[in-house]
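Colleague: Build me a structure from this.
(2 chains)
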Amino acid sequence: MRIRAAVSAALASAGILLVGWQSGVHVADTRSAVAAAATGNQASGAGTTDSSGTASSGSAASSGTTDSSGTAGASGGAGAAGAAAKAGGTYDGDVVQTRFGTVQVQITVKAGQITDVTALKLTDAEGRSVQISNYAAPILRSEVLQAQSADVQTVGGATVTSDAYLTSLQAALDAANL
Amino acid sequence: MQQTSEPRLRARTFTCMGTVISLTVSADAHKAPQAAADELEAATAVVERLFTELDSIFSLYRPDSEASRLVRGELALPEASGEMRARYEEAAEWRLLTEGAFTPERPDGALDLSGIVKGHAIREAGMSLLALGMANWCLNAGGDVLVGGSPNPGTDVPWRAGIVDPADRRTLLAGFPLGGAAPCSPVGKTADGGTRVALATSGSAERGDHIWSVTAGTAEFRQVSVAAVDVVTADVLATAIVAGGVPMLNRATAMWDIEALAVRANGELLATGGFRR
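Modeller: Residues are numbered from 1 along each chain as shown, chains lettered A, B, ... in the order given. Here you go, the predicted structure:
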């Protein structure tokens, strides 16, 4: 029961977290998302309030939202996930419509702990998928924006001394434009 | 946005703060060549005076600077000039925002605002250029870049900046488009990089970057470049990421509207979407 409550709460807070990032202070608009992420279980209602308070500590508006989630009631999908979560695994939340687009999250559970939260669906009002995180990911050299020294107008780099400048690419550019 | 011809650029340089500052402007077809040349000379003089004045206050290489007197304990911060206190306040705020990865103090506790002064000088210079009525320019101070407008006046073609490969400084690792958006368009549009006007790069093995690793031992990143809508943010965050490693990189990309390209010590790259081709 405790684990189930924790998982349900975590599912709800994951939803709140994602929607909270998108919605900012638009409390009313996040209600449906929170409701869908919460379960019908009374214990989870309490759990939701606690965990979301920490999960979305950056925004006072989001914690206000959680109060309504406790009373707004619930959907079935997440509840089933909560029951099965004792064994661990991945669980998809409901697809939720918000004024900012469609949101669906997936959580990975191990031993009653959420180890990962992924956004399965995240689209803006025009239905394009959007990037909410600007995470810097590993990239191959061939994948970065390319530039040839003949093709740039300025050169960035860690600070060069006035001596090192003399042999720098920037010096060559400056000389060409003198 | 195909260019029909190479833009005609003019550049002037001067030495300050231990490095070389380059001001490049695009030649305006509507201006007489001599008038354009005079305008560039005048603008360079304004920028140079601004850099020189700030250097005379903040340089720790000048024994007579206000900063040196502070370090020697001959002057206390509350009695320091307004300029000094303003930069200290700004740096202290960045220390909070970066959870200490950026700091205005050396490991020995001495005050060192070098990490913010160059960015501040570039920012002030940019404002002076705009105040002079100059719309299309590129200011490069020792590898940190701020641009206005476009290299092709009257278009929204961005300036093309290259980023040096720290393993071979004669080659470029990547490129990034700076500025170029029409003046009325919203700044910080998004990840396409078109409206970001500042690009700053910090390295872990460079003189003058004043980076002390937060994590003990060798720095995780050899070089970090950050593009942002303002040059101080770009400069401070590049410095903070070199000092704070991957955790600071993730924090910076989550909290600020920036693009980042980080080169690990082994040469591997980490990049946000805006640096992808």
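Colleague: Could you pull up the residues touching residue 138?
Modeller: Defaulting to chain A. Residue A:138 sits next to B:268-270 when contact means CB atoms under 8 Å, 6 or more residues apart in numbering or on different chains. For every residue, glycine as well, the C-beta is placed using N, CA and C.
Colleague: you looked at the wrong chain, it should be chain B
Modeller: When contacts are taken as CB under 8 Å, 6+ apart, residue B:138 is in contact with A:153-154, B:22-25, B:145-148, B:151, B:159, B:178.
Colleague: mind checking which helix or strand it is in?
Modeller: Using DSSP states H and E, the element containing residue B:138 is strand B:137-141.
Colleague: quick check, distance from that strand to the centre of its chain.
Modeller: Computed by CA atoms, centre = their mean, to the nearest Å, the separation of strand B:137-141 from the middle of its chain amounts to 9 Å.
Colleague: can you give me the mean pLDDT across the next helix or strand after that strand?
Modeller: Once the chain leaves strand B:137-141, the next helix or strand it forms, by DSSP H and E, is strand B:144-148. Computed over strand B:144-148, the mean pLDDT rounds to 97.
Colleague: Can you pull the phi/psi pair for residue B:51?
Modeller: phi -60, psi -40 (degrees, to the nearest 10).
Colleague: now residue A:174
Modeller: According to degrees, to the nearest 10, residue A:174 has phi -60, psi -40.
Colleague: How about the residues of chain A by chain B?
Modeller: A:131, A:133-141, A:143-149, A:151-162, A:164-165, A:168-171, A:173-174, A:177-178 (CB under 8 Å from any CB of the partner chain).
Colleague: List buried residues within these.
Modeller: Buried subset of these (neighbour count, 16 or more other CB atoms under 10 Å in any protein chain shown): A:134, A:136, A:139, A:144-145, A:147, A:152-161, A:164-165, A:168-171, A:173-174, A:177.
Colleague: Can you list which of those are found in helices?
Modeller: If you go by DSSP state H, those have A:164-165, A:169-171, A:173-174 in helices.
Colleague: what about residue B:231, neighbour count?
Modeller: Residue B:231 has 28 neighbours, counted by other CB atoms under 10 Å in any protein chain shown.
Colleague: now do residue B:78
Modeller: 6.
Colleague: Can I get the contacts of residue B:138 in JSON lines including distance to residue B:81?
Modeller: Formatted as JSON lines, the contacts of residue B:138 follow (distance: CB to CB, whole Å):
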{"residue": "A:153", "distance to residue B:81": "36"}
{"residue": "A:154", "distance to residue B:81": "32"}
{"residue": "B:22", "distance to residue B:81": "29"}
{"residue": "B:23", "distance to residue B:81": "27"}
{"residue": "B:24", "distance to residue B:81": "32"}
{"residue": "B:25", "distance to residue B:81": "32"}
{"residue": "B:145", "distance to residue B:81": "28"}
{"residue": "B:146", "distance to residue B:81": "25"}
{"residue": "B:147", "distance to residue B:81": "30"}
{"residue": "B:148", "distance to residue B:81": "29"}
{"residue": "B:151", "distance to residue B:81": "38"}
{"residue": "B:159", "distance to residue B:81": "34"}
{"residue": "B:178", "distance to residue B:81": "33"}
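Colleague: most surrounded residue in the residues you listed?
Modeller: Result: residue B:145 is most packed of the contacts of residue B:138 (other CB under 10 Å), 34 neighbours.
Colleague: my read: that one touches residue A:156, true?
Modeller: Yes. Using CB atoms under 8 Å, residue B:145 is in contact with residue A:156, at 5.2 Å.
Colleague: Need the residues touching each of these two.
Modeller: Shared contacts of residue B:145 and residue A:156 (CB under 8 Å, 6+ apart): B:161, B:199-200.
Colleague: of those, closest to residue B:105?
Modeller: residue B:200 (20.6 Å; CB to CB).
Colleague: quick one: contacts of the one helix or strand the closest one maps to?
Modeller: Residue B:200 belongs to strand B:198-203 when assigned by DSSP H and E. Where contact means CB under 8 Å, 6+ apart, the residues beyond strand B:198-203 that reach it are A:156-159, B:119, B:122, B:143-147, B:161, B:163-164, B:166, B:176, B:178, B:209, B:211, B:222-231, B:233-235, B:237-239, B:241-242.
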